[in-house]
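Student: Predicted coordinates and the sequence they were generated for:
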Amino acid sequence: MVKAYAALNAREDLKPYEYESKTLEKNEIRIKVHSCGICHSDISAIDNSWGKSKYPMIAGHEIIGEVIEIASNSSMHKIGDTVGLGWHSGYCNNCDYCDVGDHNFCSNTKKTVFSQFGGFAEEVVAEEESVIPIPPKLNLEDAGPLLCGGITVFTPIVEFGINEKHKVGVIGIGGLGHLAIQFYKALGCHVTAFTNSQDKNDFIKKMGADDVVSSTDQVTLKNLGAKFDLLISTVNVSLDWNLYLNIIKPRGRLHFVGAVLEPIKSSVFSLMAGRRSISGSPVGSPKNIKKMLNFCVEHNIKPIVEHFKFSDINKAIEKVRSNKVRFRAVLSW
Ligand SMILES: [Zn+2]
Ligand SMILES: [Zn+2]
């Protein structure tokens, strides 16, 4: 039996839960979970915030572990390999997007949390394509959050060809935002952090932000002027988006990677003036996850995490819910 922590109903504390280990199917890999980060999407899954959770719900999709079993036809990984698993646990591998390595746009993905039992467990099963080798130089205790939080904020670099000439603003400095600051600074960009918890200022500057600005102070925002090439929003609450559109340069964009449930209110005039765009992206492809992990090794980028034992999972989740974690909670067995 596999030991896990499951939500039996929406918005309840997780309970110890055991389930029978499944037999591997074609292309599948069994991973012994070493550690797993807690992402806001896990809380959304536990709470049924998106209306598609099934119970028992075993969340967890920032997994670091070891390959312990491989389907007989699979050849991408070896027993004993250290690997990671993020939001997706499988792809169709046979569509226009999978064919060119854009697996995250595949319309037949399997989700680690929603299609199966996830990483708040002793083991997890995933298809080989979605299982990512972890470079030996990464610190395994802290690497989990890169598999979802990290790739989510790294993807815009690849998608939009961001380089050292660009001025980037990161809205919301939590699990995703603190990694975004480190990535864009390492690229050589000028990075401005927008946050409503100004008590983190010194810390945010140490991570590499050139400026720290209040995310809600209208006057300060207006006075910044139209200087940003890219604003990445990692928050899950609505802000005054028109204020943000007005500080974007011509041809720049406001890019959403945090799931705001309310519709985005924006003025078409703010978009037309300067051909500005509003866009969004989900996690990233296996190819780009590998690229990101190598970038982290090259630039010594690490998630800043608080460690919890799996037995303290409810304590950890409560801390994530109350926004008190600096900057990501990671569970280990
Ligand atoms: Zn996530
Ligand atoms: Zn596909």
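Tutor: Here it is on my side, so go on. Ligands and ions are numbered 1, 2, ... in the order given.
Student: Please count neighbours and contacts with C-alpha atoms only from this point.
Tutor: Will do.
Student: Where does the stretch 201-333 of the chain get nearest to ligand 1, residue-wise?
Tutor: In the stretch 201-333 of the chain, no residue comes nearer to ligand 1 than Val283, which is 7.8 Å away by Cα to the ion.
Student: need the contact list for that residue.
Tutor: Val283 sits next to Trp87, Asn104, Cys148, Gly149, Ile151, Thr152, Val153, Thr155 when contact means Cα atoms under 8 Å, 6 or more residues apart in numbering.
Student: Could you check the pLDDT of it?
Tutor: Val283 is assigned a pLDDT of 93 by the prediction.
Student: Also Phe194?
Tutor: Phe194 carries a pLDDT value of 97.
Student: So what's the residue count around it?
Tutor: Using other Cα atoms under 10 Å, Phe194 has 25 other residues around it.
Student: Next: Lys227.
Tutor: Neighbours around Lys227, by other Cα under 10 Å: 16.
Student: mind listing what's buried in whichever helix in the chain runs longest?
Tutor: Of all segments of type helix in the chain, defined using DSSP state H, the longest is helix 286-299. Within helix 286-299, the residues that count as buried by 16 or more other Cα atoms under 10 Å are Pro286, Asn288, Ile289, Lys290, Met292, Leu293, Asn294, Phe295, Cys296.
Student: Check stretch 43-51 too.
Tutor: Buried-residue list, stretch 43-51, by 16+ other Cα under 10 Å: Ile43, Ser44, Ala45, Ile46, Asp47, Asn48.
Student: Now do it: distance from first to last residue.
Tutor: Taking Cα to Cα, to the nearest Å as the measure, stretch 43-51 stretches 13 Å from start to finish.
Student: and what of stretch 125-144?
Tutor: Terminal residues of stretch 125-144 are spaced 16 Å apart (Cα to Cα).
Student: Now for Leu138: which residues touch it?
Tutor: Here Leu138 is in contact with Cys296, Val297 (criterion: Cα under 8 Å, 6+ apart).
Student: what's the pLDDT at it?
Tutor: Leu138 is given a pLDDT of 95.
Student: Same check on Ser197?
Tutor: So Ser197 comes in at 81 (pLDDT).
Student: Tell me how many other residues crowd the closest residue to ligand 2 within the stretch 201-333 of the chain.
Tutor: Per Cα to the ion, the residue of the stretch 201-333 of the chain with the smallest distance to ligand 2 is Ser285, at 11.1 Å. The number of residues packed near Ser285 is 23, by other Cα under 10 Å.
Student: Let me see the mean pLDDT of stretch 153-167.
Tutor: When pLDDT is averaged along stretch 153-167, the result is 97.
Student: any chance of the buried residues of helix 286-299 in CSV, plus pLDDT and distance to ligand 1?
Tutor: Compiled in CSV, the buried residues of helix 286-299 are given as follows (pLDDT from 0 to 100; distance: Cα to the ion, whole Å):
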residue, pLDDT, distance to ligand 1
Pro286, 97, 15
Asn288, 97, 16
Ile289, 98, 13
Lys290, 98, 17
Met292, 98, 16
Leu293, 98, 16
Asn294, 98, 20
Phe295, 98, 20
Cys296, 98, 18
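Student: Wait, Lys205 touches Val212, no?
Tutor: Yes. The pair Lys205 / Val212 is scored as a contact, 7.4 Å apart, by Cα atoms under 8 Å.
Student: Which one's more surrounded, these two?
Tutor: Val212 (20 against 16).
Student: quick one: the more buried one from Gly258, how far?
Tutor: Val212 is 19 Å from Gly258, by Cα to Cα.
Student: per-residue confidence at the residue of the stretch 51-200 of the chain found nearest ligand 1?
Tutor: Going by Cα to the ion, ligand 1 is nearest to Cys148 of the stretch 51-200 of the chain, at 4.6 Å. pLDDT recorded at Cys148 is 97.
Student: from memory it sits against Ile64, does it?
Tutor: No. When contacts are counted by Cα under 8 Å, Cys148 is not listed as touching Ile64 (11.5 Å).
Student: List phi and psi for the closest residue to Cys98 other than its chain neighbours.
Tutor: The shortest distance from Cys98 to any non-neighbouring residue, by Cα to Cα, 6 or more residues apart in numbering, is to Cys106 (6.2 Å). Dihedral pair for Cys106: phi -60, psi 140, per degrees, to the nearest 10.
Student: Within its sheet, name the partner strands of the longest strand that the chain contains and how each one runs.
Tutor: Identified as the longest strand of the chain according to DSSP state E is strand 28-38. Looking at strand 28-38 with DSSP bridges, its partner strands are strand 63-70 (antiparallel), strand 123-127 (antiparallel), strand 328-332 (antiparallel).
Student: which bits of this structure sit near ligand 2?
Tutor: Cys92, Asn93, Cys95, Cys98, Cys106 (Cα under 5 Å from the ion).
Student: Arg253: helix or strand, and which one exactly?
Tutor: If you go by DSSP states H and E, Arg253 is part of strand 248-256.
Student: tell me what that strand is packed against?
Tutor: strand 228-233, helix 241-245, strand 277-280 (3 or more Cα pairs under 8 Å, 6 or more residues apart in numbering; DSSP states H and E).
Student: hmm, try it at 6 Å
Tutor: Identification of packing neighbours for strand 248-256 by 3 or more Cα pairs under 6 Å, 6 or more residues apart in numbering; DSSP states H and E yields strand 228-233, strand 277-280.
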